[in-house]
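[1] Below: sequence and its predicted model.
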Amino acid sequence: MNTPFFVFIGAKGGAGTSTLCVELAKAMREETNVVLVDADFSGRRSTAILLDGVRYLDAARSQSGQHIAQARMSGITLAEMAESYEASFTTNLNDVETFAASLNAPGIVLVDVPLPFSGTVRPFIVRATRFIVVTEPTLLGVTAARTMVQQLQRFGIPPQRIALVLASRSNNVTATKSEIERNVGVPVLADLPSLNDKTFPRLLLQMQRELRAISPEPSITALAPSDEGQIRDRRIRKREVPSTPSTKATASKSTAASVPGTALTEREQLKTRIHEALAKTIDLVDASRAQGDAAKLAELRAKINQIAHDILAKSPIAESAEAIAQIKQEIVNEAMGLGPLEEFMHDPDITEIMVNGANDIYIEVRGVIQKTVKRFANDSQLRLVIERIIAPLGRRVDESVPMVDARLPDGSRVNAIIEPLSLNGPTLTIRRFGIRRLTAEDLLDKSSVTPEVLDFLRACVEARLNMVISGGTGSGKTTFLNILSSYLPPAERIITIEDAAELRLNQPHVVRLESRPANLEGAGQITIRDLVRNALRMRPDRIVVGECRGAEALDMLQAMNTGHDGSLTTIHANSARDALSRIETMVMMAGFDLPIKAIREQESSALNVVIQTARMRDGSRKVLSVSEICGMEGDTVTMQDIVRFHQQGVDENDRVVGEYQYTGVQPNALRRFEEYGIAYDHRKLAALNMAGRSW
């Protein structure tokens, strides 16, 4: 076919590729039939949103029942080649050619390709007439463009098929056109100002003429799917010309010299071939639909394992049976799971997974951090895993939104941060929560607290005292909040409010609320404060806030002071006294010019108990103190410690040794226990050693 395909790729996230494709399509629709293809399979649907075509595409897909959907609007044919990231693996060159043949006399096809640049867009690479790399004329943009051009060349794409488009978003231009061409090694097709600049339409028209002057060229047959074993898109390598062994070795050396670090091992080549076969044979979109269906997932895993077995049997490698079995497992993990992180996600002893770039993966086991031998193939594979985690949740991570919080289906909390904020490359942190919810007995077994202290806190919860759990990161605040919440009466209406849902309450009448970040347009954000204020209209008996970290602290204090007692929350602070100071600071973040004395009066009347937790040097978590708010003396909130943990050193295994001590102060809460008829024996605390002997 002679229809030109122009593939637009952003050198880095936020380069404005989707916006440029939409504006170019609008400019060209007057003189030719324009087809705009969204090849971003992560769920962002940027071009559809910019053209207000989401509902039309969804309707077209619903009617046809196919992954491929297209709709005509405003003189432009908008198309999506797959409904999800998993479905994109089944898209091949024949699908693209069939799609192109089905178009009604197309004049030009513009393809918006996402980052991270992956093997899912291989069919468009094979079919492309030109590759247009969009970048900013800044030092960071030039570096990213050079990397992208090198990556395209490793796919076997000649430099004459690659061009740059400079898209300025500000006046911060640090490199000229000639400097960029010299540095990157490909010509600049157009130098566009920001969209609001009055010269933008004229320069866009000039770019349009440049594109129209480019005649279609044959497809890159070196990458055709029929040449099984030659495709190296996942590991990004140039195709070697079949020849004699000596010639082939020379070619390999040449390729490795021109593109350092891109030579593939025999093991990697086999894995690439297996992935190619999977893309042709199995509809991996079933993997996303099968979540929660153990039988379906087992069937898919068996199919993937069989395909891997067949290819390995035809291409034996110098590996042991154990190593071959490991390759099969890696293939399954990469096709359906989280790659090298998959085995960590199934280890109940691992509570934290920390990925500091592709080469450094750390885990926390029983409170101790250790480095693993696992690694990702490159930053692109790590970015794909991040996308796989956050895409189903409607979240995104790119240059404009380089940080994201999310959670996995098992409840694990995920944080990801990418370049340019992370200098190590993509960084991923997964806070895991056990499949089995910890109980009070588990904390007692781990000596995180004693029965006497836990019984006192149980009575505080039942007596509807307002309680704050304070501690540093990873000190066990959320776990302890879960334990205390188990003492909430089953007949009460409980509303939980969290950033990323972690709390798991067993009571029957629980309403779970979760905050929401802004969407692609920067709108639609729902904060913890919004949810706290809304919860007050939901007739709650108890409000449980997973963590107070901002202006919602003011609304929490007001709720506690207006009849919504018995509330629970956590806060980051190093001591009970620091927790009160943190709450004061967060209340001032609400934007009201409240006197500090008024804030402290709110604290003293609203809060009853502060529980301080800590992660000890041996990795164990402990309750360090239980303190009671007594009232005000002048401008100061008064507190008294009821129980303290006194560390006495470490044993021969370097484990922390200590004991819980009673300060001898009679808790004011005892009167509350009597009023509510709570069964509690105050002599239990007196059974602890007295703290006075250690002072």
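    Cool, the structure landed. Quantities reported herein were computed from a predicted structural model and do not represent experimental measurements.

[2] I'd like to know which elements the longest helix along the chain is packed against.
    Ordering each helix of the chain by length in residues (DSSP state H) puts helix 294-314 first. Helices and strands touching helix 294-314, by 3 or more C-beta pairs under 8 Å, 6 or more residues apart in numbering; DSSP states H and E, are helix 266-281, helix 285-289, helix 321-336. In short, each C-beta sits where N, CA and C put it, glycine included.

[3] CA atoms of stretch 409-417 as PDB?
    C-alpha atoms of stretch 409-417 as PDB (Å, rounded to 0.1, in the frame of the first residue of the first chain):
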ATOM      1  CA  PRO A 409      -5.300  -5.900  44.100                       C
ATOM      2  CA  ASP A 410      -3.900  -7.600  47.200                       C
ATOM      3  CA  GLY A 411      -3.900  -4.200  49.000                       C
ATOM      4  CA  SER A 412      -0.200  -3.500  48.800                       C
ATOM      5  CA  ARG A 413       0.600   0.200  48.600                       C
ATOM      6  CA  VAL A 414       2.700   1.400  45.600                       C
ATOM      7  CA  ASN A 415       4.700   4.600  45.100                       C
ATOM      8  CA  ALA A 416       6.500   5.300  41.800                       C
ATOM      9  CA  ILE A 417       8.600   8.200  40.800                       C
END
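
[4] buried set for that stretch?
    Gly411, Ser412, Arg413, Val414, Ala416, Ile417 (16 or more other C-beta atoms under 10 Å).

[5] Asn668: which of those is nearest?
    Arg413 (35.9 Å; C-beta to C-beta).

[6] Of the helices and strands packed on helix 294-314, which shows the lowest average pLDDT?
    Ranked by mean pLDDT, these bottom out at helix 285-289, with a mean of 47.

[7] Do I have it right that Arg644 meets Ala691?
    Yes - between Arg644 and Ala691 there is a contact under C-beta atoms under 8 Å: 5.6 Å.

[8] what's the overlap in contacts for the two?
    Among the neighbours of Arg644, those also in contact with Ala691 (C-beta atoms under 8 Å, 6 or more residues apart in numbering) are Gln661, Thr663.

[9] how many other residues sit next to Thr429?
    Thr429 is flanked by 16 other residues according to other C-beta atoms under 10 Å.

[10] That one and Asn415, how far apart?
    Thr429 sits 5 Å away from Asn415, going by C-beta to C-beta, to the nearest Å.

[11] quick one: low-confidence parts of the stretch 51-200 of the chain?
    64-67, 81-106, 115-127, 155, 169-174 (pLDDT under 70).

[12] let me fix that: the stretch 351-500 of the chain
    Short version for the stretch 351-500 of the chain, where the test is pLDDT under 70: 392, 394, 434-436.

[13] hey, where'd the strands end up in it?
    361-365, 368-371, 403-407, 413-417, 427-431, 467-471, 494-498 (DSSP state E, counting those that start in this stretch).

[14] Could you list the paired strands of the fifth one along with their orientation?
    When sheet partners are counted by DSSP bridges, strand 427-431 sits next to strand 350-356 (antiparallel), strand 413-417 (antiparallel).

[15] between the first one and strand 361-365, how big is the angle?
    Pointing back at strand 350-356 there. For strand 350-356 against strand 361-365, the angle by axes from the mean of the first three to the mean of the last three C-alpha atoms, to 10 degrees is 160 degrees.

[16] any idea which of the buried residues of stretch 409-417 is the one closest to Met73?
    Of these, the one sitting nearest to Met73 (C-beta to C-beta) turns out to be Ala416, at 34.0 Å.

[17] Report the separation between the closest one and Arg383.
    9 Å.

[18] Name the residues contacting each of these two.
    Common neighbours of Ala416 and Arg383 (C-beta under 8 Å, 6+ apart) are Pro426.

[19] buried residues in stretch 553-561?
    Buried-residue list, stretch 553-561, by 16+ other C-beta under 10 Å: Ala553, Leu554, Asp555, Met556, Leu557, Gln558, Ala559, Met560, Asn561.

[20] that older thread, so how far is the longest helix of the chain from its chain's centroid?
    Centroid separation for helix 294-314 versus its chain: 28 Å, with C-alpha atoms, centre = their mean, to the nearest Å.
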